Structure formats: structure tokens, C-alpha cells
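K.L.:
Prediction below, plus the sequence it came from.
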Amino acid sequence: MSGHSKWSTIKRQKGAADAKKSKVWTKILREITVAAKLGGIDPAGNPRLRKALDDARVNNLSKDPINRALAKAAGKEDSADYEELTYEGYGPAGVAVIVSCLTDNRNRTYAEVRAAFNKNGGNMGTPGSVAFGFQKKGQILLDKSENKNLTEDPILEWGLEAGLEELVDEPEGFVITCAPESLHGLQDALAAHKIQFASAEISMLADNPIELSPENSDILQHIVDALEDLDDVQKVFTSEA
């Protein structure tokens with residue numbers, strides 16, 4: 001299958017986020033608490049919690065804070081009531097930006113997100129102004145350096161039955177796209193065949209990605225960095241190609 005080149009953009013954005021480890025841990029623990037409150041503390045029956053716990057393991061989070069987050073969700077410890085919010089906006093050249101948040105103070109979060117846009121060359125949009133141009137999808141990256149001699153054929157053979165929708169073969173690795181509800185099944189199918197994946201995420205993918213000049217790409221990255229630096233921001237998605 002063919003598709004738009006994604007690898008370098010995804011890896012660059014993920015690498016920038018991973019560099020902020022302490023903030024990444026805070027965001028993961030917040031997600032664990034919310035996911036467990038909404039769907040229960042058993043990851044077997046709660047895909048959102050399972051994903052959060054997978055993220056915790058990949059990011060080397062120790063068991064103690066994870067257990068405290070689960071205890072908060074179960075009501076054994078006091079915890080804030082977090083609300084899920086989504087903000088939309090624009091970066092350079094009209095590139096779209098979606099900001100996913102978990103917050104216990106929506107006024108604070110709105111002000112901080114707006115400031116991050118305004119101070120870094122972007123601007124806030126109205127609700128629904130850019131979301132129509134995105135689709136929620138599961139996305140898995142397979143690094144070829146970690147999966148020697150892996151080719152498209154076996155991935156398709158194992159993946160199509162598990163919900164694989166698109167497979168893009170790029171020089172550095174493979175990009176798999178699926179419906180959000182198929183993400184964990186695909187992870188299990190890959191793991192069963194001892195395939196290592198660099199990341200597995202629920203993402204908002206743009207229908208019409210925009211190719212940016214190097215200058216505008218740098219401006220967009222400043223906006224994304226400023227947003228991801230906010231404690232209430234969980235994920236930032238853009239329509240950059």
C-alpha cells in the first residue's frame with residue numbers, strides 16, 4: 001500500500017515530546033487516573049487504561065506512582081476531577097493544530113493554550129474550525145533497524161485480520177494505520193510474531209497534510225513545544241506533512 005510520507009515528521013514530533021520526561025510522566029499519570037475512573041482499573045477490559053499503562057512502561061515509570069494513580073481512580077486517595085477538553089487553532093501557512101487536554105481548571109487551561117498560540121506565531125480557532133479535517137486513527141511505527149529483514153508481506157498477512165487499514169513502507173520503517181479500536185489487537189498480533197514497534201498511539205491524522213517550508217516548520221515546532229510544555233496538555237496534533 002502507498003501513502004503520504006510520515007516517518008520523519010512523526011519521529012521528530014515524538015522525540016521532542018519524549019525529551020521532556022518529567023512532564024511526560026505527569027501527563028501519563030493523569031491519563032491513567034482518568035482512564036481508570038472512566039473505565040475501571042482492570043486494563044483487560046479498559047483499552048484506554050491499557051494504552052496508558054503501556055506508555056508508562058515504555059517511559060520507565062516506576063510502579064509506586066502508577067499504583068497511586070490507580071488508587072486515586074478507585075477512590076482510595078483524594079484526586080482532582082479532570083475534564084477532557086479539545087482546543088483548535090492554526091500555525092503558519094494555515095496548518096491546523098488540535099490540542100487535547102485534561103484539566104481541573106478550564107479557565108486556566110484556555111488562557112495558557114491561547115497564550116502558547118499567540119506568543120509563538122499561531123492563533124486559536126473556534127470549536128470545529130479544524131477538527132473536520134482530521135480522522136482519529138491508531139498508528140504504529142515499526143523501526144526497520146529493530147526488525148531486520150521484515151517486509152510488507154508478513155505484516156499484511158498478520159495485520160489485515162487484526163484490523164490493519166494502511167501500511168506505508170518508508171526507508172526508516174513501516175507506518176501502520178488502523179481504526180482506534182483495532183490498535184491493541186494489532187499490537188498483540190505483532191507481538192505474537194516478535195515484531196518490535198517503536199510506538200503505538202491513538203492519533204488525529206489530517207486528511208490533507210500541508211507541506212511546510214523549513215522556516216514555517218520551525219515556527220510550528222515552537223508552537224507545538226510551547227503547548228506540550230503545559231501540564232494540562234496531553235497531546236498536540238497538526239496537519240503538517
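P.N.:
Sure, I can see it.

K.L.:
Now do the same contact list for His222.
P.N.:
Taking Cβ atoms under 8 Å, 6 or more residues apart in numbering as the contact definition, His222 lies against 120-121. Every C-beta, even on glycine, is put in place using the N, C-alpha and C of the backbone.

K.L.:
Let's see that with 10 Å instead.
P.N.:
By Cβ atoms under 10 Å, 6 or more residues apart in numbering, His222 lies in contact with 91-92, 116, 119-122.

K.L.:
cool, and Val99?
P.N.:
Val99 sits in contact with 85-89, 109, 113, 116-117, 124, 223-224, 227-228, 230, 232-238, where contact means Cβ under 10 Å, 6+ apart.

K.L.:
do that again at 8 Å, thanks
P.N.:
Contact partners of Val99, counting by Cβ under 8 Å, 6+ apart, are 86-89, 113, 227, 233, 235-236.

K.L.:
on contacts alone, who are the packing partners of the longest helix seen in the chain?
P.N.:
Scanning the chain for the longest helix, with DSSP state H as the assignment, gives helix 21-39. Where contact means 3 or more Cβ pairs under 8 Å, 6 or more residues apart in numbering; DSSP states H and E, helix 21-39 is packed against helix 47-58, helix 63-73, strand 96-103, strand 233-238.

K.L.:
between the ones you listed, which gets nearest to Ala191?
P.N.:
helix 47-58 (10.9 Å; Cβ to Cβ).

K.L.:
Could you chop this structure up by domain?
P.N.:
Domains of the chain are assigned by automatic domain parsing as 13-73, 84-131+208-238, 133-206.

K.L.:
how many other residues sit next to Pro180?
P.N.:
17 (other Cβ atoms under 10 Å).

K.L.:
can you check Ser145 too?
P.N.:
9.

K.L.:
repeat for Arg48
P.N.:
Neighbour number of Arg48 under other Cβ under 10 Å is 17.

K.L.:
How much space separates it from Ile32?
P.N.:
As defined by Cβ to Cβ, to the nearest Å, Arg48 lies at a distance of 9 Å from Ile32.

K.L.:
quick one: the strands in the protein?
P.N.:
Here the chain has its strands, by DSSP state E, at 83-90, 96-103, 123-124, 134-143, 164-169, 173-178, 199-206, 233-238.

K.L.:
Would you single out the least confident of these?
P.N.:
Mean pLDDT is lowest for strand 199-206 among those, at a mean of 91.

K.L.:
what's the angle from that strand to strand 173-178?
P.N.:
Angle of strand 199-206 versus strand 173-178, following axes from the mean of the first three to the mean of the last three Cα atoms, to 10 degrees, is 70 degrees.

K.L.:
And the contacts of strand 199-206?
P.N.:
So strand 199-206 is contacted by 10, 14, 51, 54, 58, 96, 98, 131, 133-141, 177, 180, 183, 186-187, 235, 237-240 (Cβ under 8 Å, 6+ apart).

K.L.:
Using neighbour counts, pick out the buried residues of it.
P.N.:
By neighbour count on 16 or more other Cβ atoms under 10 Å, the buried set for strand 199-206 is 199-200, 202-206.
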